[in-house]
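A predicted structure for the sequence below; I have some questions about it.
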Amino acid sequence: MPAVLYGGAVAVVNLALLGWRWQAGAKDYHCDIQRHLRVFYRSSLERFFVVGILLAFWFTLVKSEPIAMLTGFMIGQFAGMTASAALHKRT
């Protein structure tokens, strides 16, 4: 059970980083497409590396129930996407 919760927590961290960058981008509006693209790529890389490091931590140090942890991560990601779609449709 802790493995599933850890996977879900990693998904929540990923979604929190996405939300944080989304809010920062909404405040700092810029018309320069190159700058916007740089921020987009930087945000994607940050999330990729943070999630990769957190998953690698589980795989290397904890070494228990990797399938359960990945299942929790996938469920958390799916729940976040579903909630985002539902909120977007509602507004």
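Perfect, I can see it now. As the structure is a prediction and not an experimental result, all values here were calculated from the model. Numbers count the residues shown, from 1 in each chain.

Who are the packing partners of the helix or strand hosting residue 48?
Assigned by DSSP states H and E, residue 48 belongs to helix 33-57. Applying 3 or more C-beta pairs under 8 Å, 6 or more residues apart in numbering; DSSP states H and E, we find helix 33-57 packed against helix 2-27, helix 66-90. The way it works is simple: take the backbone N, C-alpha and C, and place the C-beta from them, glycine included.

how about 7 Å then?
helix 2-27 (3 or more C-beta pairs under 7 Å, 6 or more residues apart in numbering; DSSP states H and E).

pLDDT (mean, whole number) over the helix it packs on?
Average pLDDT, helix 2-27: 88.

Over to stretch 73-83?
90.

hmm, back to that, report the inter-axis angle for the helix holding residue 48 versus helix 66-90.
Using axes from the mean of the first three to the mean of the last three C-alpha atoms, to 10 degrees, the direction of helix 33-57 lies 150 degrees away from that of helix 66-90.

For helix 33-57, buried residues please.
43, 47, 51, 54, 55 (16 or more other C-beta atoms under 10 Å).

Now do the contacts for residue 80.
By C-beta atoms under 7 Å, 6 or more residues apart in numbering, the residues touching residue 80 are 11, 15.

quick one on the thing from earlier: pull the most distant pair out of the buried residues of helix 33-57.
Using C-beta to C-beta, the two most remote members of the buried residues of helix 33-57 are 43 and 55, lying 18.6 Å apart.

How about the residue nearest the centre of the chain: what's its closest non-neighbour residue?
By C-alpha atoms, centre = their mean, the chain has its centre lying nearest to residue 14, at 1.8 Å. Distance criterion C-beta to C-beta, 6 or more residues apart in numbering; nearest residue to residue 14, sequence neighbours excluded, is residue 51 at 5.2 Å.
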